[in-house]
Every structure is written in structure tokens, then in C-alpha cells.
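> Give me coordinates for this.
(chains A and B)
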Amino acid sequence: MAKKVKLSEMTDMFKDMEILSLEGVTIEGDIELDLSGLGGGFDPMLAALLGQENAILAQHFARLANMFGVPVGIGAPVAGAPGAAPGISPALAAPKFKDLIPAKFDVANIAEWTNQIQEVPIGNTSADGGSRGKRVLLGGEKALPFFPDAPMPNRNQVTIDVFDMRLGLAKAVKENYDDVMDNPGEWAKKNVEKFNADMITIHLISTDPLIKDTSPKDAAKTVEEVLQAVDVPIAIGGSGNPQKDPEVLAKAAEVAEGERCLIASASLNLDYAKIAEAAVKYDHDILSWTQLDMNAQKELNRKLMKQCNVPRDRIIMDPTTAALGYGLDYAYTNMERIRLAALMGDEELTFPMSSGTTNAWGARESWMVSSPLKEDSDWGPREYRGPIWEIITGLSLAIAGNDLFMMMHPTSVAVLKHITQTLFGSIEAEPVDISNWIGAEV
Amino acid sequence: MKINSPLEAYKYLPQTNCGECGEATCMAFASKLIDRSGKTTDCLPLIKEKKFAKKLAELDRLLAPEIREVVIGVGDRAVKIGGDDVLYRHKLTFFNKTKMFFDVTDTMEDAALVDRVKSIANFKKFYVGRNLLIDGVAIRSVSNDPAKFSAAVKKVSEVGIPMIFCSFNPAVLKAGLEAAKDANPLLYAANKDNWKEVGELALEYNVPVVVSAINDLDTLKSLTKTFSDAGIKNIVLDPGTYPSGKGMKDSFTNFLKIRRAGIMGDTEIAYPILALPFTAWMSGISDPVSASYWETAMAAVFTIRYGDVMILHSLEPYATLPEVHLAETIYTDPRTPVAVDSKMYKVGTPDENSPVLFTTNFALTYYTVESDLSSNGINCYLLAVNTDGIGVEAAVAGGQLTADKVKDAFEKSGFDLKTDVNHNTVITPGLAARLQGDLEDKLGAKVLVGPMDSGRLPGFMEKNWPPKK
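Residues are numbered from 1 along each chain as shown, chains lettered A, B, ... in the order given. Below is the predicted model of the structure:
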């Protein structure tokens, strides 16, 4: 039961479809296009155009018919259309497409970023009255890291850990340091010469009463040894014991006078005033460490500035690093919030940030031989898993606003530096033609 | 979302406080709509009564996320991408975490292809009570032969996970679509050369489509505008992902700009973005481990900064584990703390002489304590007390961790201090020291105060375990 439809009727129906009301329309059987009345012998170009228009309409009509349950082959009705020019298939007819609609992409910078992050130097060269071979600069940003709103003045820096005694480390880490673990000076040298450390962190963990309870004087000796061994700026960390640390760090600050070390750390649960006082007195920076809490960070920074008179260019924050899979979501957001608040004018937070990226080695995925869970897919060799765990933990925080990384694995250091410096814009590379990626041989 | 206060949403609700949505008042329901924990379809009068139809339509328009949502695939494993309303996760949360598709080619041997697709589909990593999965397969037409592509698509589609068809040749894409009717794959890609034909395919088969313009945002926007005008709604953007040097910085910048424009209301570019960490393999890195590392680093960058879907190559666990973990990390809702089940856990292989500890059910605390114990080989029982997912210090201060709560948790866990162990002793977190006396009374057990930081549990155990009689 064929029903003939005129072009004009189809156009009308089409109009209806646009407003989604097709009540009362019934379609039965095959669809045939009757184009009689257009006349013969007209311009072939016009014929071609009409053919295209027909194809468009026919396709939509066919779809429409399909919607109402009438089986129709796409393109089928066109075949019999007398107006269709040869060689124009429905696929090429591109019903709704004529030409690309031109467009201009534009987006504004973020107007609310009004404040600059404080620039903080670490390390005094001879010109500054110290003996370091170079000085590291942190901070100075006016936008989130690597964002186009403002140039990022200083790249990320990596300080590699040294401990003042042999300790248990993940196997993948330990094999790089086994030969120097009894000698902090040699360890520091290896970090700089072999592993390209921008800085060294010496952790005075043997001073912990629960470990070896070594004296502040012993600790000071270790610090001197490390300062002698390398000429990069150094960070000095305690054992984490809140009773002992102030005493140990004050003594360390004293023997390192004039070197502008980073003293780690002042926190709310110990005598931060004693540490801050020593840092200022002996010309050092101070690490203001809080645990995943932006308000606590503000409080401590305020206390350091107001109570302890620490100048703004001597404060670096450590808002705590939780490893990938073990709270990185909190660490990431905490840092991003801190940096955004700072850029938008919170003067108590406009400081560079540091991350204890080494914490990534606490995640079982970084050191465990295999998954303890049978249902898990194979975890593969841990020698490769560990370093990437440290890289991704650090890299995420670099994007959130972190400036300085305390790290351990040489591969992690190398890859993290390479990717952050790529985003910073300082890595030159042969341009790669990616347009053919689909066929790439991999 | 075009509105951001519950009051604005409230205007469109029935305002009868009928309670059918489960909320006591329409105002309470309005706040759920604003924080996207509730949907308009939960309001039965709104969807059932004709007189509200206009209001419903308008409300849906106002509540629609700034970045369009696009679905790839069908069935249980279909994935949704896009749907974001903010540039920073703490402002609300990010929705629809980054979806990871791993590549296969239409030139692979059958057996190898099937193997690889199965390992993609079956990948599983336990995390905080759930499994992290890989989302789908991207089939690259290396052959550029419609028949070969069709054959590969048939094999992949048998596994039933979402697919991306990769070719710039419309004939190849069409062959794929014919081979997997109704699988709703994502077409990659329409570019300035083939857009008419690929756009036509997207319309004809009603599938989502990628528009690709490498490092050229004007053309990208021109393509989306043209497609959107033609009635194509499900568009994904490919601004190109350079794997190295200044090119990579440009790509990163493009992702930022596109998302920023979309969130700020440029609807013509407000679509999900596709990233191609795959290009790491084209950057000239010769050894596969380094290439994998670089691919993973690229995946991390674009998981954090606005990649909604990505195509990757390395299936080595050292690459995939951090990738799936990071996507979970960035897309976990910061508004609700992650919690573990409140129950008694065994760490290692404890027996009747082993210590019994408790902590909170805040996932971060729990997993930290648990890994501090297990990594030091301390076999013990660890009770996770329900503190509504709040950490020890805050829970003690806020009253979510009390002696009564601990007692209750022991009872519910079915663990009996008097019979399951021979020492009737419990170790509290150092940060809950003040509960000691109260706990001794309530539990009728000896209570030791543990260290402030679970990292010090090994030293603590050496000194204090077994407990002195």
C-alpha cells in the first residue's frame, strides 16, 4: 500500500519533527518520493543540490519511519528519485552538514588570583656569607603551578634523604644506598653526584630516645659532616620526637650558622618557639609542619610570624603528604586549597610548600612482594612498582602547588624532575608528529 | 549548574513538603539537588503531575552540569564521562572519574588479541572495600582495512566492555559500527578532513564521537559547534596530547583552558576531554619500562587536570596500579570521609596471645594503622570503631569515639576479650589516652595507652608486650 509523499509535504513533516509533535501522522508501507512537477532539463548543479536535499530528507524520513516501526532501508528511497544526480550517495550527502561553522576559542585568566607566593631562598653562597655552591629558590608563583595565567618563576626542587644511621628501607630503595648507609657524608655526596639531588635532607633519627638516644652534640657533628661533604643547600630534620627535637634542631642550627639551611620542623605539638628562635638567630629557614589541616597551618604560620618573629621569607610549609592510595586525596586537596587561598589573598598561607614524598614508600603497593589478596590481579615486580608510587605521589602534589620534594629513589627523582620541568617549560624535545598515533607501531 | 543556592531550586519544587522524596521538606530536598546528592526524578509529584512539567524541564536545565555527560558502552560496564561543575574538587567534588581504555590493534593475532582484551576486562585491584577496574578497550585500526577492523571489533565486543573505535577512515569506522550494533562505542575521530562523513556516522548510528584538532582550539570549537548544530549531543574533545617538551606543556595548557571555558559557561566547548598518554610510546623512549613510566606520569597529569577519558598502552601492573589509584583519589568525594566497615580485623595470623588494638573506621586512619602493624609483622586483632569516618583526635574531641562506642563495637564484632584472648587487655590509640579509665570500667579489661602515632607501635610492642601481669 504505497503512499506518495510530495517534497513539500516532507518538508512540512520535518518542521513538525523539529518541535517533536507528530501526532496524527501515519505512515504505512514503502516510501516513495514523487518529485514530479520539478520539471526536466534544469541546471545539473541544481539537480545535484536537489538530489542532496532529497537524500537528506529521505534519510530523515526513513529514520522517522523507523521510529514508527516501518522497516526502511537507509538510502533506499533515494535510488528512485528522478532528481538525484549520479555519483552523490547519501553518505556523502551529509544532511545536516554544509561547512564548518567558524569559531574562536577564548578564555580569560583567573581574576581572583591577586597575591604572589612568597619567594624563599635556601642555602647561602659565599656572596651571602655561607659556603654553599648554589642557592635554591622556592615560591614566587602568581598562579597554580604550570598554569598559563602567569609565568611560574621557580621550578620544583628535589632534596634527597640521608639518615644519620643505617635503617630499614624498602628493598628497591636500599639497594641504591647500601654502600653509603654507614656514612652520612658519603651518602649525601652520592645523592648529589650520582642522583642529581638539588638539595640534601639529613634526618637525625638516631637522636630519638627510642632509637639510639644520641646527643644533640653528636647530631651537630653529623650536620657538619654533611655540610663539608656537599655544597648544595641542606635541610636538617629531627627524629620526630617532640621532646627531643627542639634541643637537637637548635644545636644543629647553631653549628650550621650562616648556611641558610631548612630546619625541619616546627609543629604545634612541640616547642616550636625554641626551633624558630634558633633558625632566625643562626640564619636559617624553618619548615612549618601541620597534619592535613589548613586551619592548623594558618595558626602555626601566624604563631611563627607573630610570636617568634620569623620573617616571611624564611617560612616553608609542610601540610603533610599521605601516600597514593593512603590519603593522597586529603593531601592533594589540602595543598590545592592552601595554594588557592594564598593566591586569593590569605597572607597566612602565601608560602612555598614542601612534601615528604618519601612517605609513598609506606604504601604497601610500593614495597610488598605481591598482593596479600588473592582476588587482586597480579601486582608485578615491586622493583618497578615502588619508584612509580613515589613519582605519582609527588607529581600529584606538584600540580596541587607543592614546590619542594623530599624523596628517596633515584629513578623517582629523575622522572619527577623530568615531568615537572617539562610542565615548567624548560625541557627541549624533538617535536613528535602525533597525528598518526593510531597506526603507531608499539 | 546554573544555580547554586537551595532557595533557587526550591522555587521550582511543589513546595508541599509531601515527603515522598525521603526528605522532610522541599527545602531540604532542594539542598540535595544543589549538592547533587539528589535527582529531580526523586520528586514524584514533579515528574508525575502535568502542571509541573514546565518547572521540571526548567529545573533540569538549571541543574544540568556545566560539562556535558557522555555515556560509552552499554549494560553493566557502560561508563559515563564528563558531568563536572567545578575546577577544583574541594569546591564540590569531581564526578565520573577518568576512564581508562587500553589499546589493541586490528593487526593482532586472534589469540593475542583475545588474551589482551581479557586481561583488560578482568583487571581488579581491591581498594577500601571495593575493586578498581579498567574501563574499556580502544581498538586502533593499524591496517586501515574495514574487513580487518570489523573482525577485530567482533572479537573485542564479545567481552562486553566499552570500546573506542580508532580510525580517521569513515569506511573503517562504519565497518566497526556494523560489526558491533548497539554497543554504543565512542568513535575516534572526526577531524577537519573527515568530519562530514564521521559526523554522519555518529548521527546514523547514534553513538558518541570524538572531535580532534591538535593544538588548535579554534578548529576544535568550530567542529563542536558544527556537530552540535547538526544535532550531535555526545561529543568528546581531543585537543591533542603531545608526549614531550614544549608540546606537552601546550597540551596541558589546552586542557586547562578548555575546562575553564566550559565551567565558566562557554557551552560550545563544554564537553568531556580525551587524553592520549599513549603518545608516550611515540616520544622516542627506547626501553619499555621507561616508556611505561612516562605514560603513567602523563596519565597522572591528565587525570588531575581534566582528562575525562584516556587511551593507554602499558598493561604492566606497575603502570596500571598507580593509574587506577590516582583516578580514584582525585574523584573521591571530599564531602564524605572514606570509611571502612566497623568490625574486628585480623592482622597477620593472631592467636590467643596476640594484642588487641582499636582505632577508628576512618579509612585513612585504619589503613595507616593496619599497614604499620602488618609491615612490622605484628600479628594482632584490630577493631575499627564506627566514628562516622572521623579520625581519632577529632573523634575523641567530637564525642564519636567514647568508651561506650568502643564497648558497643566489641559487642557487635562478636569478639570476647575474656575468651578469645588470654590476657584481657586492649591497647588504645595514644590520641585517645583520656578514655583509659572509662574504658577499663566499661570493658572490665586492662587498658594500655599506645603511642600517639601508629608508626611507633613496633617500639611500643617491644616494651609493653606481652603485658605485665
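
> and the residue of chain B found nearest chain A, backbone torsions?
Nearest residue of chain B to chain A, counting by CB to the nearest CB: residue B:245, 2.9 Å away. Using the backbone N, CA and C atoms, a C-beta is placed for each residue, glycine as well. Backbone torsions of residue B:245, given as degrees, to the nearest 10, read phi 60, psi -150.

> roughly how far out does stretch B:23-38 sit from the chain middle?
Computed by CA atoms, centre = their mean, to the nearest Å, the chain-centroid distance of stretch B:23-38 equals 24 Å.

> Can you tell me what sits against it?
Applying CB atoms under 8 Å, 6 or more residues apart in numbering or on different chains, the set of residues contacting stretch B:23-38 from outside is B:1, B:3-7, B:9-10, B:13-17, B:21, B:39-40, B:42-43, B:59, B:63, B:85, B:92, B:95, B:335.

> Quick one: buried ones out of those?
B:1, B:3, B:6, B:9-10, B:13-14, B:21, B:40, B:42-43, B:59, B:63, B:85, B:92, B:95 (16 or more other CB atoms under 10 Å in any protein chain shown).

> Now for those residues: which two are most distant?
The span of those, defined through CB to CB, is set by B:14 and B:95 at 26.8 Å.

> is it true that residue B:360 touches residue B:398?
No - if you go by CB atoms under 8 Å, residue B:360 and residue B:398 don't touch, sitting 11.1 Å apart.

> quick one: the strands in the stretch 51-200 of chain A?
A:120-122, A:136-138, A:157-163, A:199-203 (DSSP state E, counting those that start in this stretch).

> so how many other residues sit close to the residue lying closest to residue B:339 once chain neighbours are set aside?
Closest residue in space to residue B:339, ignoring its immediate chain neighbours: residue B:389 at 3.5 Å, by CB to CB, 6 or more residues apart in numbering or on different chains. Here the count is done by other CB atoms under 10 Å in any protein chain shown, and residue B:389 has 20 residues near it.

> tell me the SS of residue B:389?
coil (DSSP: H, G, I helix; E, B strand; the rest coil).

> so where's the stretch 51-200 of chain A uncertain?
A:51-95 (pLDDT under 70).

> That one: helices as residue ranges?
Along the stretch 51-200 of chain A, the stretches classed as helices by DSSP state H, counting those that start in this stretch are A:76-79, A:90-93, A:171-177, A:184-193.

> Contacts only, for residue B:186.
Contacts of residue B:186 (CB under 8 Å, 6+ apart): B:70, B:72, B:162-165, B:207-210, B:236, B:309.

> Put together CSV for the residues you listed, with distance to residue B:219 on each row.
Putting those into CSV (distance: CB to CB, whole Å) gives the following:
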residue, distance to residue B:219
B:70, 20
B:72, 24
B:162, 27
B:163, 26
B:164, 21
B:165, 22
B:207, 22
B:208, 20
B:209, 15
B:210, 14
B:236, 15
B:309, 20
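
> which of those residues lies closest to residue A:405?
residue B:309 (29.4 Å).

> quick one: which of the contacts of stretch B:23-38 sit in helices?
B:6-7, B:9-10, B:59, B:63 (DSSP state H).

> what domains does the record give for chain B?
B:6-63, B:69-330, B:344-464 (automatic domain parsing).

> Give me the distance between the two termini of the shortest one.
End-to-end distance for domain B:6-63, by CA to CA, to the nearest Å: 11 Å.

> Of the strands of the stretch 51-200 of chain A, which stretch is the most buried?
Burial of the strands of the stretch 51-200 of chain A is given as mean neighbour count (mean count of other CB atoms under 10 Å in any protein chain shown); strand A:199-203 ranks first at a mean of 26.

> Figure out how far it is from the centre of its chain.
Relative to the centre of its chain, strand A:199-203 is centred 24 Å away, using CA atoms, centre = their mean.

> Between strand A:157-163 and that strand, find me the angle.
In terms of direction (axes from the mean of the first three to the mean of the last three CA atoms, to 10 degrees), strand A:199-203 departs from strand A:157-163 by 30 degrees.

> How much space separates residue A:303 from residue A:292?
Distance, residue A:303 to residue A:292, using CB to CB, to the nearest Å: 18 Å.

> do residue A:315 as well
Going from residue A:315 to residue A:292 by CB to CB gives 19 Å.

> now swap in residue B:17 and tell me
40 Å.

> now the helices for the stretch 251-400 of chain A?
For the stretch 251-400 of chain A, applying DSSP H, counting those that start in this stretch gives helices covering A:272-281, A:294-306, A:328-343, A:364-367, A:382-400.

> Could you tell me the least trusted of those?
Among the helices of the stretch 251-400 of chain A, helix A:364-367 carries the lowest mean pLDDT, at a mean of 89.

> now check that one, is it near chain B?
Yes - Helix A:364-367 is in contact with chain B by CB under 8 Å from any CB of the partner chain, via A:364-365, A:367.

> Show me which residues of the stretch 51-200 of chain B are close to chain A?
Going by CB under 8 Å from any CB, the residues of the stretch 51-200 of chain B near chain A are B:88-90, B:103, B:119, B:122-127, B:131, B:140-142, B:144, B:166-168, B:170, B:188, B:192, B:195-197, B:199-200.

> what about residue 109, how many neighbours?
Defaulting to chain A. 12.

> The intended chain is chain B.
8.

> any idea how far it lies from residue B:195?
34 Å.

> how many other residues sit next to the residue in chain A that chain B sits nearest to?
For chain A, the residue closest to chain B is residue A:429, as judged by CB to the nearest CB, at 2.9 Å. Neighbourhood size, residue A:429 [other CB under 10 Å]: 15.

> pretty sure it belongs to a strand, no?
No - read with three-state DSSP, residue A:429 is coil and lies in no strand.

> For residue A:408, which residues are in contact?
Per CB under 8 Å, 6+ apart, neighbours of residue A:408: A:160-161, A:169, A:173, A:358, A:361, A:390.

> Most neighbours among these, which one is it?
The member of the contacts of residue A:408 surrounded by the most neighbours (other CB under 10 Å) is residue A:390, with 31 neighbours in all.

> With distance to chain B as added columns, please give the strands of the stretch 51-200 of chain A in TSV.
Converted to TSV, the strands of the stretch 51-200 of chain A look like this (distance: least, CB to the nearest CB, whole Å):
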stretch	distance to chain B
strand A:120-122	25
strand A:136-138	21
strand A:157-163	15
strand A:199-203	14
